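[1] Could you look at this predicted model? Sequence included:
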Amino acid sequence: MSISGMVPLVLWLLAAELLLSDSFTRRGDSLHVCPGVCICASDLLSCVSRSLSMVPPGLPATATSLDLSHNSLHQLQDNWLAQLPRLHTLRVGHNRIRHISAEAFHNASQLMHLDLSSNKLHSVEEHFFQELTNLQELLLYNNQIARVDSGALLRLSNVQKVYLSWNLLTDFPFSILQEGSLPQLKIMDISSNRLSSIPIDKVIALPQTIKNGLFLHNNPFMCDCTLYRMFLHWEKSGFNSVHDFREEHTCLALREPKAMLRFLKHRKMFENCTSAYGLIGMVDASFKGVAGEPLLISCNTSLQDEQTTYLWISPNKELITYANSANETFKLYSNGSLEISKAQKEHSGVYTCMATNKRLMRNESHEVNVTVHYQKYDGEGFNTGLTTLLGCVVSLVLVLMYLYLTPCRCWCRPTQTPSLPNECSAQSSILTATPPCNDDTSRKVSSGKHVVFLEPVKDCQNGKIRLAVSEEFPAVKNPKILQLKTDSDSTSSIFSDTSSTH
């Protein structure tokens, strides 16, 4: 082929290569090309403080974390996260977002951390987070939120932390915190809002794990004993929600905005819970019952009229109301009294009575300490303490008898044998209640010996052992205690006669 014929072929190959490379580049744009206004580092994408009014197009699909905070975003486009299938962290705080459309988080089920703090949101509506089933952390603090729909968080079955502090909430749906609604929830921060009161009965009935992370400080609560005792109990229980922000727990005295009291710090004003500072009087009581018998507990509050309703909290943190008290265990009467039909040992503990009067707009609580014991019968009981003391006294007497009442030494008496000046009765040194044998024919005596050997007495019917002195034992000067050998090769201790004359 001539050179002139090869030129068109070369040009064609170059054009094809350019087209192929351009197509690969376009295919890779969606994966690897970083927008010019952002900074990309591997799978991290940062577009912070770029004065963005809209989300930049062409975001790389490899991003797992996207930061769009400190911009001027007013809204989030529908389905804009569909191009980021791996995204699990999204930060859009410090923007101007006022509303979230129903399709804003469509196809974002992998999102785990969402920061919408410091925006202009006025409410949290049901459709906001319906698609975020794997969300674990939701930041909504420092907005203008005045309302939270009761179903706004119910689809967040994996959420662990929700921050709603520094908003305009005057009410909150505490029913969404009931056990089972948000099983993974550890922190619910609704501090620094405008809550003047909370449903004490619902809050007390919450699980311990929820109350440990339920932050309610820095709200304009009205001072009353119910609220004070609840937070005091939380503090004694070591809940982080009170322990970490002890001085921020305040209440309004006499409904005056300027009369804000730190009731956990200056608790002397609240110790007696008197009528001062608008507090409600409350007196604790205790009741004792017998196992198997009925026990009636009264709720002594000052709200004794027909408009007052009652409920009780058992030591097991169970809510007892009129509806669920008609069973075999508890019965709640209209006057607030609670009857335990057949009291048992496990029913012992502190019961809390909650009285509410909507006409007077007052709440009171009353704590009752219940102790259930088993009945003691007349035939029962020798005091174990007295038994132990008596045993100790007897043991001490026996020890003293052993130390000071041992047998006396035998007295020597003269013998008829001239070679033996004195002879002691060996039987007298043996503790026995029967008289010794009188047969002296089998004794072997050696003068000058102070060692005795005990041998079985063959001709004695009472089975006592007899004493003999043996010539076979070597002489020992001033022996004290020697070993005795019997026919059965057993050994025992004997005593030498130290009263012999020399």
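    Here it is on my side, so go on.

[2] Is Met230 part of a helix or strand, or is it coil?
    helix (DSSP: H, G, I helix; E, B strand; the rest coil).

[3] If we ignore the residues flanking it in sequence, what's nearest Gln375?
    Nearest non-adjacent residue to Gln375, counting by Cβ to Cβ, 6 or more residues apart in numbering: Val290, 5.0 Å away. Just so you know, the C-beta spots here come from the backbone N, C-alpha and C atoms, and that holds for glycine as well.

[4] care to break this protein down by domain?
    With domains defined by automatic domain parsing, the chain comprises 33-277, 285-373, 422-502.

[5] quick one: the strands in the stretch 301-450 of the chain?
    308-313, 319-320, 330-332, 338-340, 349-357, 362-373, 413-414, 422-423 (DSSP state E, counting those that start in this stretch).

[6] Show me what the fifth one is packed against.
    Spelled out, it's strand 349-357. On a contact count with 3 or more Cβ pairs under 8 Å, 6 or more residues apart in numbering; DSSP states H and E, strand 349-357 meets helix 200-204, strand 308-313, strand 362-373.

[7] residues in contact with the nearest residue in space to Glu235 that is not next to it in sequence?
    Nearest non-adjacent residue to Glu235, counting by Cβ to Cβ, 6+ apart: Val242, 4.6 Å away. Contacts of Val242 were listed using Cβ atoms under 8 Å, 6 or more residues apart in numbering, and they are His217, Phe231, Trp234, Glu235, His249, Leu264.

[8] Would you check how far apart Val242 and Cys299 are?
    For Val242, the distance to Cys299 (Cβ to Cβ, to the nearest Å) stands at 26 Å.

[9] what do you get for Glu247?
    Distance, Glu247 to Cys299, by Cβ to Cβ: 33 Å.

[10] now the domains of the chain as a markdown table including mean pLDDT and distance to Leu400?
    Below are those laid out as a markdown table (pLDDT from 0 to 100; distance: least, Cβ to Cβ, whole Å):
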| stretch | mean pLDDT | distance to Leu400 |
| --- | --- | --- |
| domain 33-277 | 88 | 53 |
| domain 285-373 | 81 | 41 |
| domain 422-502 | 44 | 17 |
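
[11] I'd like to know which of those domains lies nearest to Cys392.
    domain 422-502 (25.8 Å; Cβ to Cβ).

[12] Thought Gln110 was touching Glu131, still the case?
    No - the pair Glu131 / Gln110 is not scored as a contact, 10.4 Å apart, by Cβ atoms under 8 Å.

[13] When the two are compared, which one has more neighbours?
    Glu131 (19 against 16; other Cβ atoms under 10 Å).

[14] On the three-state scheme, that one is what?
    coil.

[15] Quick check: Asp43 touching Leu84?
    No - using Cβ under 8 Å, Asp43 makes no contact with Leu84, being 10.5 Å away.

[16] Who has more neighbours out of those two?
    Neighbour comparison, Asp43 and Leu84: the larger count goes to Leu84, with 22 against 14 (by other Cβ under 10 Å).

[17] check contacts around the more buried one.
    Leu59, Ala61, Ala63, Leu66, Ala108.

[18] Wait, the third one touches Asp43, no?
    Yes - the pair Ala63 and Asp43 passes the contact test of Cβ under 8 Å, sitting 5.8 Å apart.
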